[in-house]
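Trainee: What follows is a predicted protein model with its sequence.
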Amino acid sequence: MAETVTLSGTASPGLLASLDPLLREWLPRQRWFAGKGRPVTGFTLVAATELLPVDSRLGLYHLLVRAHQPLTIGAEPHPGDCYQLLIGVREALPPRLAPALIGHVDQGPLAGRTVYEALHDTRPAEVLLEAMRSQARIGGLCFEKEPGRQIRTGLVPRLVTAEQSNSSVVYGDTFILKLLRRVVPGVNPDLELPLALAREGCSRVPAPTAWLQAELSGEPYVLGVLQPYLQGASDGWELALRELAKGEDFGAEARALGRATAEVHTALARALPTVTLGHTQMQLLADGMIERLEAATQAVPALRPYAPALHSAFTALADLSAEGHLWTAQRIHGDLHLGQCLRSPAGQWWLIDFEGEPSKPLAERRMPQPVVRDIAGMLRSFDYAAHSAAAPAPEWADACRAAYCSGYAEVSGRDPRTDPVLLRACETDKAIYEAVYEARHRPDWLPVPMAAIERYAMTDLT
Ligand SMILES: Nc1ncnc2c1ncn2[C@@H]1O[C@H](COP(=O)(O)OP(=O)(O)O)[C@@H](O)[C@H]1O
Ligand SMILES: O=P(O)(O)O[C@H]1O[C@H](CO)[C@@H](O[C@H]2O[C@H](CO)[C@@H](O)[C@H](O)[C@H]2O)[C@H](O)[C@H]1O
């Protein structure tokens with residue numbers, strides 16, 4: 001690896017100025033760009049690290065840039081989201097890299113060069129793996145490796161093309177590196193939880209092998225995590241849809257998923273603190289759900305007729321806590337659905353992507369929660385699959401629900417169905433989140449959570 005130079009944001013104003021017009025156009029088009037719908041009006045360079053010398057045939061910059069966007073009316077002042085970029089610099093792009101093009105630079109230190117999304121390219125992706133293998137410190141970037149883990153040489157990288165919130169590179173079907181795109185300071189649960197689970201001996205999660213961090217203005221940023229690649233694994237969503245299309249039962253898989261979820265929860269409860277939630281905390285939990293309902297009815301008018309009935313699911317939870325009922329809270333997955341579960345060819349289930357709901361602040365995502373929140377996420381997912389099929393199959397979802405809860409109880413000793421008020425509140429909250437998500441991202445899918453909302457509104461638990 002060539003000698004590296006770290007440029008501070010102020011030390012290299014020319015670099016960002018030369019990239020600025022290209023990034024303004026390119027960044028909002030990326031699947032992982034979080035600020036969709038608002039133009040990018042400028043950038044601040046947070047950090048720049050030269051990983052391959054830019055005056056050679058192939059240069060490589062690691063950049064952290066803050067994207068400025070106009071605020072929506074009523075929004076809190078916000079400095080802009082910080083994104084991680086790997087920018088390749090060449091004289092011209094070979095045809096195989098055409099899809100990676102960011103643009104041709106016509107001013108500043110890179111004038112006359114072509115810049116592109118370097119993760120598409122073999123050498124830049126290799127540089128990251130080599131740095132992890134050697135636990136390199138390059139400028140402000142720290143590449144760490146879990147003691148005792150080996151990363152062999154010669155693994156050929158390929159960029160994962162699936163739609164995702166971040167970007168992943170698979171190395172020779174041995175490792176997968178997830179590079180986080182919108183990065184925030186603090187302990188990131190996508191590294192924290194799998195590491196804690198692996199150290200606890202839980203084998204339902206691919207154990208982090210290595211990771212990439214930066215220290216900026218005294219604050220840690222997790223930038224990427226390398227894990228073993230589960231070769232030939234299928235995700236739960238694809239499997240469920242396949243079985244549904246064939247008219248096949250998914251009960252055995254749902255039960256295994258329930259067992260896997262409980263194994264992860266019990267290991268998390270051993271590894272990290274648990275707390276008891278009394279009336280005040282449960283009232284806060286219910287208030288949060290009510291606030292989300294109110295915001296959702298503004299964003300999705302179709303929710304409005306159901307709002308009073310949905311509201312009663314949350315007040316029922318607050319009422320139960322007022323009667324002295326106590327709950328336990330612990331660290332959970334935070335965004336569990338069928339797409340976050342991988343089944344290996346040997347038939348084992350693994351849980352991935354512990355980032356939580358990325359739109360929520362990190363502190364909120366790291367708070368202990370009742371495990372029922374994760375369970376509700378999976379139950380909603382069975383319902384989604386059943387209602388995405390050509391002919392809705394509610395009895396299929398009911399069977400999955402029963403099997404999943406039984407599997408969960410077999411391992412944890414606690415059946416989530418014995419807490420119907422909390423379960424209903426969490427499922428309602430999730431379905432409301434989904435209605436907002438679908439209205440914003442996939443309007444054609446809005447009827448799926450709306451069908452559940454209509455059902456919840458019609459069936460009062462009390
Ligand atoms: N350890 C792994 N083995 C095999 N495939 C994986 C692994 N981790 C993730 N994937 C694949 O990569 C995709 C994206 O991973 P995920 O962690 O969900 O990223 P994102 O946060 O960007 O959505 C997953 O849907 C899955 O198909
Ligand atoms: O995959 P992410 O963690 O970014 O989650 C977001 O996108 C999901 C869709 O890709 C969305 O999940 C919803 O649709 C799924 C089917 O596509 C279904 O299995 C889930 O149960 C349903 O919530 C998720 O809500 C959103 O946060």
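Mentor: Received it, and whenever you're ready, just let me know what you need. Ligands and ions are numbered 1, 2, ... in the order given.

Trainee: Next up, the contacts around whichever residue of the stretch 351-462 of the chain sits closest to ligand 2.
Mentor: Using CB to the nearest ligand atom, the closest approach of the stretch 351-462 of the chain to ligand 2 is made by Ser381 at 3.4 Å. Every residue, glycine included, has its C-beta placed from N, CA and C. Contact analysis of Ser381 by CB atoms under 8 Å, 6 or more residues apart in numbering lists Gly236, Trp237, Ala240, Leu336, His337, Leu338, Gly339.

Trainee: repeat for Leu226
Mentor: Contact partners of Leu226, counting by CB under 8 Å, 6+ apart, are Leu129, Met132, Ile151, Phe175, Ile176, Leu177, Pro208, Thr209, Ala210, Trp211.

Trainee: can you give me the helices in the stretch 1-150 of the chain?
Mentor: Applying DSSP state H, counting those that start in this stretch to the stretch 1-150 of the chain gives helices spanning 13-26, 122-133.

Trainee: okay, now Gln340: neighbour count?
Mentor: Per other CB atoms under 10 Å, the neighbour tally for Gln340 reads 22.

Trainee: Report the contact partners of it.
Mentor: By CB under 8 Å, 6+ apart, the contact set of Gln340 is Asp235, Gly236, His333, Leu351, Ile352, Asp353.

Trainee: Keep only those of the residues you listed that are in helices.
Mentor: Among the contacts of Gln340, DSSP state H puts Gly236 in helices.

Trainee: Just give me the closest of the contacts of Gln340 to ligand 1.
Mentor: Asp353 (3.5 Å).

Trainee: Quick check: the closest one touching Leu336?
Mentor: No: using CB atoms under 8 Å, Asp353 is not in contact with Leu336, being 9.1 Å away.

Trainee: What is the neighbour count of whichever residue of the stretch 51-200 of the chain sits closest to ligand 2?
Mentor: Ranked by CB to the nearest ligand atom, the top residue of the stretch 51-200 of the chain for proximity to ligand 2 is Ser165, at 4.6 Å. For Ser165, the neighbour count with other CB under 10 Å is 17.

Trainee: quick one: it and ligand 1, what's the gap?
Mentor: 4 Å (CB to the nearest ligand atom, to the nearest Å).

Trainee: quick one: secondary structure of that residue?
Mentor: Assigned by DSSP: H, G, I helix; E, B strand; the rest coil, the conformation of Ser165 is coil.

Trainee: What separation do you get for it and Asp335?
Mentor: Note on Ser165: its distance to Asp335, by CB to CB, to the nearest Å, is 10 Å.

Trainee: do His265 as well
Mentor: 15 Å.

Trainee: so can I have a markdown table of the contacts of Gln340 showing distance to ligand 2, neighbour count and pLDDT?
Mentor: Listed next are those as a markdown table, based on distance: CB to the nearest ligand atom, whole Å; neighbours: other CB atoms under 10 Å; pLDDT from 0 to 100:
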| residue | distance to ligand 2 | neighbour count | pLDDT |
| --- | --- | --- | --- |
| Asp235 | 10 | 16 | 96 |
| Gly236 | 8 | 25 | 98 |
| His333 | 10 | 27 | 98 |
| Leu351 | 12 | 24 | 98 |
| Ile352 | 10 | 21 | 98 |
| Asp353 | 6 | 22 | 97 |
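
Trainee: Nearest to Val371 among the contacts of Gln340?
Mentor: His333 (9.3 Å; CB to CB).

Trainee: Apart from its chain neighbours, what residue comes closest to that closest one?
Mentor: Sequence neighbours aside, Asp374 is the residue nearest to His333 in space, at 4.9 Å (criterion: CB to CB, 6 or more residues apart in numbering).

Trainee: what do you get for Tyr433?
Mentor: Using CB to CB, 6+ apart, the closest residue to Tyr433 is Arg292 (6.9 Å).

Trainee: my read: the one you found touches Ile432, true?
Mentor: Yes: counting by CB under 8 Å, Ile432 is a contact partner of Arg292 at 6.1 Å.

Trainee: Can you pull the poorly scored residue ranges out of the stretch 101-250 of the chain?
Mentor: The stretch 101-250 of the chain contains no residues with pLDDT under 70.

Trainee: The helices of the stretch 1-150 of the chain into JSON lines, with extra columns for distance to Asp106 and mean neighbour count?
Mentor: Listed next are these as JSON lines, based on distance: least, CB to CB, whole Å; neighbours: other CB atoms under 10 Å:
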{"stretch": "helix 13-26", "distance to Asp106": "8", "mean neighbour count": "17"}
{"stretch": "helix 122-133", "distance to Asp106": "23", "mean neighbour count": "20"}
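
Trainee: who wins for proximity to ligand 1 among these?
Mentor: Nearest to ligand 1, of the helices of the stretch 1-150 of the chain and by CB to the nearest ligand atom, is helix 122-133 at 15.2 Å.

Trainee: Please export the C-alpha coordinates of the closest one as PDB.
Mentor: The C-alpha coordinates for helix 122-133 follow below in PDB (Å, rounded to 0.1, in the frame of the first residue of the first chain):
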ATOM      1  CA  THR A 122     -11.200  -4.900  -7.300                       C
ATOM      2  CA  ARG A 123      -8.000  -3.100  -6.100                       C
ATOM      3  CA  PRO A 124      -9.800  -0.600  -3.900                       C
ATOM      4  CA  ALA A 125     -11.900  -3.300  -2.200                       C
ATOM      5  CA  GLU A 126      -8.700  -5.400  -1.700                       C
ATOM      6  CA  VAL A 127      -7.000  -2.400   0.000                       C
ATOM      7  CA  LEU A 128      -9.700  -2.400   2.700                       C
ATOM      8  CA  LEU A 129      -9.300  -6.100   3.300                       C
ATOM      9  CA  GLU A 130      -5.500  -5.800   3.500                       C
ATOM     10  CA  ALA A 131      -5.800  -3.000   5.900                       C
ATOM     11  CA  MET A 132      -8.100  -5.100   8.200                       C
ATOM     12  CA  ARG A 133      -5.700  -8.100   7.900                       C
END
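
Trainee: What lies in contact with it?
Mentor: So helix 122-133 is contacted by 1, 51-52, 58, 60, 86, 88, 118-119, 136, 138, 141, 143-145, 151, 153, 155-157, 159, 169, 171, 175, 177, 179, 209-212, 224, 226 (CB under 8 Å, 6+ apart).

Trainee: Centre of the chain to that helix, how far?
Mentor: 23 Å (CA atoms, centre = their mean, to the nearest Å).

Trainee: give me every residue that touches the closest residue to Leu19 other than its chain neighbours.
Mentor: Counting by CB to CB, 6+ apart, Val115 is the residue found nearest to Leu19 once chain neighbours are left out, at 6.6 Å. Listed by CB under 8 Å, 6+ apart, the contact partners of Val115 are Leu19, Leu22, Ile87, Gly88, Val89, Ile102, Gly103, His104, Val105.

Trainee: change it to 10 Å
Mentor: Listed by CB atoms under 10 Å, 6 or more residues apart in numbering, the contact partners of Val115 are 18-19, 22-23, 26, 54, 59, 61, 85, 87-90, 93, 100-105.

Trainee: circling back: which of Arg292 and Ile432 has more neighbours?
Mentor: Ranked by neighbour count (other CB under 10 Å), Arg292 and Ile432 place Ile432 first, with 26 against 15.

Trainee: and the helix or strand hosting the more buried one, what other elements does it pack with?
Mentor: In the assignment (DSSP states H and E), Ile432 maps to helix 420-441. Judged by 3 or more CB pairs under 10 Å, 6 or more residues apart in numbering; DSSP states H and E, helix 420-441 is in contact with helix 279-299, helix 307-322, helix 372-388, helix 447-458.
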